[in-house]
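**Q** model this:
(chains A and B)
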Amino acid sequence: MKKQKTDSENRNIAGICLSLFEDKTKKEAYLPVSEKELTDLFHQLDKKEIGLISLFGAENFNGAPGLTLFYVLEKKDSPNIVLLEHKLASGEIASLVSRFPAAGWFEREVQDGFGITFLNAFDTRRLFLHEVYPDGFHPMLKSFRNTGCFSGRESGKLPGAPYKFKRFEGEGVYEIPVGPVHAGIIEPGHFRFSVIGETVLGLEIRMFYKHRGIEKLAEGKSPADCVAVAEAISGDESMSNAAAFCMAVERISALAVPNRAWQLRTIMLELERIYSHLGDLAGMMVDVAYPVGAVNFFNLREEILRHNKNFSGSRFLKGILCPGGLKKDVPAPALTALAAYLPEFTRRFQKAVDLVYHSPSAIDRMETTGIINEKLIRPLNITGPAARASGAIIDTRVDHPYGLYPSLNIHIVTGAKGDVLSRFNVKAEEIRNSAAMIQAILPEIKDGPVRTDAVIKDGYALTMVEAARGQSVHWVYIKDGVISRYKVRTASFCNWQAIEHAVIGNIVPDFPLINKSLNLSYAGTDL
Amino acid sequence: MINPFPNLLCFKADKVIVSRDTDFASVGLALKKEVRAIFGRNLTIREVDSGSDNAAEIELNNLATPYYDVERFGISFVASPRHADVMVITGAVTLNMESAVLKTYEAMPSPKFVVAVGDDACDGGIFKDTYAVRGGADKILPVDLKIPGNPPSPYEILQGLLFLMKEIRRINH
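**A** Purely as a prediction, here's the structure:
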């Protein structure tokens, strides 16, 4: 019935979509579309202007039985987000991957979770469900009850079809399989290099070894309990993800967060960016075999982690956020200690960076290594320092401002070359900017409450934050006071695909450096 | 070009260097004694992440950074399970990682010990009842020690290792 109606209207869907991006009153617009309109729309939209930043499904959305797909669109220079809402009539829909390459992983994720077939997709292999899961297993369906793990392995052989890696063939081409267990203390993932001599011809990354079922785990939890789930998405991004989740709940329930809470939140969000970037800079120095350079960054990171502990009770800023503000106030000595420390931090940090810039051997390894072409940014939806180092002027704090950020002066740091050195420069500059931002906020903090008591209402909202690695998108749907669907798309999920392109033509020993310069979260991708 | 003069003119390191963290150092020195008694020289650790949220990895990495520098106590993280005495496992065991974890354990020479680091590795934590997780590390491996925490600090991890060494000595006597 509904499909007939929308078809007969024969409306100018692209025009409606573009007008929603210009609408000053609504930051987040939902546009129901038919399948035909969806296809038309994606052929009419300017690929350079509009990007697909997420795609997800939700069952029984607003009482409608069956699956509804949401295509989340972002437009350059528009603070608005448009969600195309498509109610699936059957278990099939046309794939968008030829139009938006980023849709590849999004669609495979929906395919695994809900058992939807995407027609004409290039790649229909399973994504987060590895061979241990049987065929026809779709955990995101509401009919699937999340009651402990089933015994996939005990039958002796793996129930799912074996995963076929892409093959690169030709004279002298050989494969190097790496992982999931690596040589260092890092997270698991599998890298399949196809190599000629020392030069990488192709790389395929297989992730999702750490798939813990986070989205399903959230379902049925109360919003207050779900904060811990958001924090567990990625340990070194716990503040950003928890903040995005809380913001979504706050928007749904129309909660006003006290100013003091937002000031403290912003400080912690920036502290997280600082310690995360410091770890990246140190890691890059380790990987170019310049430990003297790494030592300074490691020391500074440890000191920031100790300030985190004073601030929140956790070195990783866990367990302090709640919908409505903060669970507890930050002790006054922590604030004064941080204010006293930051000038010294900035001075020592500058010295540490200068040391690196005066080391030709370190610079030589980073320059022209692992270039991310600017042309890849929109199609693959690359965000964060990885995109900025290739010249993209994007930052969620500026493009879709939230919390205290509209009142802060944020300078978007960009690089031009997109190589490892550009990423080093961008991250170093962002650390300085974040420290300055915290120093600007600290004297402004006034006494006051840090929490509005939350009265949870039903509804749904999409929020975005700029985590250290880039844009993190969260969609929360609350029904009957509990989470009915929680969709997370971290920056890492999209940025991983950039590495496959960045390593081509580089030598295998440079791969760890390229990987570290992006320092993506495996946990945040695998969920 | 390396300029040799700063090296000639700098003060010799004849001063007593004050450790920044005396508690940590005392635990470390006690651990060094135990390690020497049990393993002869040093204790080698292979870290395996079976599904953590990566905070535990950062703390384990921190143990090797200058603030903590556990190599001075004879503790080292090794690249291959074949060189390892202890497997440190972080995170709840996911179904997707299960066989890789078992293969890593099987590749270690005996005698070998397993230490679960973090709440999720100890008993599955918040992931206990999800479809994708087998549970804590003890569901698939003989775990000798559990170090709880979200994540445990470097100090707590070191204390845990000291406790493990003492237990090994106690059982062997």
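**Q** leaving out sequence neighbours, find the closest residue to the residue of chain B found nearest chain A.
**A** Nearest residue of chain B to chain A: B:A55, at 2.7 Å (Cβ to the nearest Cβ). Bear in mind the C-beta positions are built from the backbone N, C-alpha and C, glycine included. Residue nearest to B:A55 in three dimensions, not counting chain neighbours: A:G235, with 2.7 Å by Cβ to Cβ, 6 or more residues apart in numbering or on different chains.
**Q** pLDDT score for A:E154?
**A** According to the prediction, A:E154 has pLDDT 52.
**Q** and the helix or strand hosting A:A294, anywhere near chain B?
**A** Secondary-structure assignment from DSSP states H and E places A:A294 in helix A:291-312. Yes - applying Cβ under 8 Å from any Cβ of the partner chain, one finds helix A:291-312 touching chain B at A:V295, A:F298, A:N299, A:E302, A:L305.
**Q** with pLDDT and neighbour count added, can I get these in JSON lines?
**A** As requested, the residues of helix A:291-312 next to chain B are exported to JSON lines (pLDDT from 0 to 100; neighbours: other Cβ atoms under 10 Å in any protein chain shown):
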{"residue": "A:V295", "pLDDT": "91", "neighbour count": "18"}
{"residue": "A:F298", "pLDDT": "92", "neighbour count": "25"}
{"residue": "A:N299", "pLDDT": "90", "neighbour count": "18"}
{"residue": "A:E302", "pLDDT": "92", "neighbour count": "19"}
{"residue": "A:L305", "pLDDT": "93", "neighbour count": "23"}
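**Q** so who does the closest residue to chain B within the stretch 151-300 of chain A touch?
**A** Nearest residue of the stretch 151-300 of chain A to chain B: A:G235, at 2.7 Å (Cβ to the nearest Cβ). A:G235 sits next to A:F316, A:K318, A:A523, B:S52, B:D53, B:N54, B:A55, B:A56, B:E57, B:I58, B:P151 when contact means Cβ atoms under 8 Å, 6 or more residues apart in numbering or on different chains.
**Q** please enumerate the helices of chain B.
**A** Shown for chain B, the helices assigned by DSSP state H span residues B:5-9, B:22-39, B:55-63, B:95-107, B:119-123, B:154-172.
**Q** now the longest one: average pLDDT?
**A** For helix B:154-172, the mean per-residue pLDDT is 89.
**Q** show me what counts as buried in that helix.
**A** B:154-165, B:168 (16 or more other Cβ atoms under 10 Å in any protein chain shown).
**Q** show me what it is packed against.
**A** helix B:22-39, helix B:55-63, strand B:113-117, strand B:145-147 (3 or more Cβ pairs under 8 Å, 6 or more residues apart in numbering or on different chains; DSSP states H and E).
**Q** and what of the second one?
**A** Counting by 3+ Cβ pairs under 8 Å, 6+ apart, the packing neighbours recorded for helix B:22-39 are helix B:154-172.
**Q** same check on the third one?
**A** Counting contacts by 3+ Cβ pairs under 8 Å, 6+ apart, helix B:55-63 packs against helix A:291-312, strand B:43-49, strand B:75-77, strand B:86-90, helix B:154-172.
**Q** now it, how far from the chain's geometric center?
**A** 9 Å (Cα atoms, centre = their mean, to the nearest Å).
**Q** can I get that helix in PDB, CA atoms only?
**A** Taking Å, rounded to 0.1, in the frame of the first residue of the first chain, the C-alpha atoms of helix B:55-63 are listed here in PDB:
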ATOM      1  CA  ALA B  55      42.900  -0.900  27.200                       C
ATOM      2  CA  ALA B  56      44.500  -3.900  28.800                       C
ATOM      3  CA  GLU B  57      47.000  -4.000  25.800                       C
ATOM      4  CA  ILE B  58      47.900  -0.400  26.500                       C
ATOM      5  CA  GLU B  59      48.700  -1.200  30.200                       C
ATOM      6  CA  LEU B  60      50.700  -4.200  29.200                       C
ATOM      7  CA  ASN B  61      52.600  -2.200  26.700                       C
ATOM      8  CA  ASN B  62      53.100   0.400  29.400                       C
ATOM      9  CA  LEU B  63      55.000  -2.100  31.400                       C
END
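**Q** what about the spatially closest residue to A:L305 that is not a sequence neighbour, how many neighbours?
**A** Among residues not flanking A:L305 along the chain, A:R315 sits closest, at 4.4 Å (Cβ to Cβ, 6+ apart). When counting by other Cβ atoms under 10 Å in any protein chain shown, one arrives at 25 neighbours for A:R315.
**Q** in chain A, where is pLDDT below threshold?
**A** A:1-10, A:149-157 (pLDDT under 70).
**Q** domain parsing for it?
**A** Chain A resolves into domains spanning A:2-119, A:214-315+A:331-526 when parsed by automatic domain parsing.
**Q** name the stretch among these that sits most buried.
**A** domain A:214-315+A:331-526 (a mean of 21; mean count of other Cβ atoms under 10 Å in any protein chain shown).
**Q** so A:V82 sits in a strand?
**A** Yes - counting by DSSP: H, G, I helix; E, B strand; the rest coil, A:V82 falls inside a strand.
**Q** that one is in contact with A:F21, isn't it?
**A** Yes - in this structure, A:V82 is within contact of A:F21 by Cβ atoms under 8 Å, at 6.2 Å.
**Q** quick one: stretch A:471-484 to chain centroid distance?
**A** Centroid separation for stretch A:471-484 versus its chain: 16 Å, with Cα atoms, centre = their mean.
**Q** what do you get for stretch A:36-55?
**A** 21 Å.
**Q** and if you look at stretch A:267-278?
**A** The chain centroid and the centroid of stretch A:267-278 are separated by 16 Å under Cα atoms, centre = their mean.
**Q** what is in contact with A:V82 and A:F21 at once?
**A** Joint contacts of A:V82 and A:F21 (Cβ under 8 Å, 6+ apart) are A:K75.
**Q** ok, back up a step: output the helices and strands packed on helix B:55-63 as a markdown table; include the columns distance to A:M366.
**A** Shown next, in a markdown table, are the helices and strands packed on helix B:55-63 (distance: least, Cβ to Cβ, whole Å):
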| stretch | distance to A:M366 |
| --- | --- |
| helix A:291-312 | 11 |
| strand B:43-49 | 27 |
| strand B:75-77 | 25 |
| strand B:86-90 | 30 |
| helix B:154-172 | 29 |
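**Q** endpoints of stretch A:503-518, how far apart?
**A** 12 Å (Cα to Cα, to the nearest Å).
**Q** name the residues that touch that stretch?
**A** A:176, A:191, A:193, A:195, A:198-203, A:280, A:283-284, A:286-288, A:365-366, A:369-370, A:386, A:420, A:423-424, A:469, A:495, A:498-499, A:502.
**Q** low-confidence ranges in chain B?
**A** Those would be B:1-20, if you go by pLDDT under 70 across chain B.
**Q** please flag which of the contacts of stretch A:503-518 sit within strands.
**A** Residues of the contacts of stretch A:503-518 located in strands (DSSP state E): A:I176, A:F191, A:F193, A:V195, A:T199, A:V200, A:L201, A:G202, A:L203.
**Q** quick check on these: which are buried?
**A** Buried by 16+ other Cβ under 10 Å: A:F191, A:F193, A:V195, A:V200, A:L201, A:G202, A:L203, out of the ones in strands among the contacts of stretch A:503-518.
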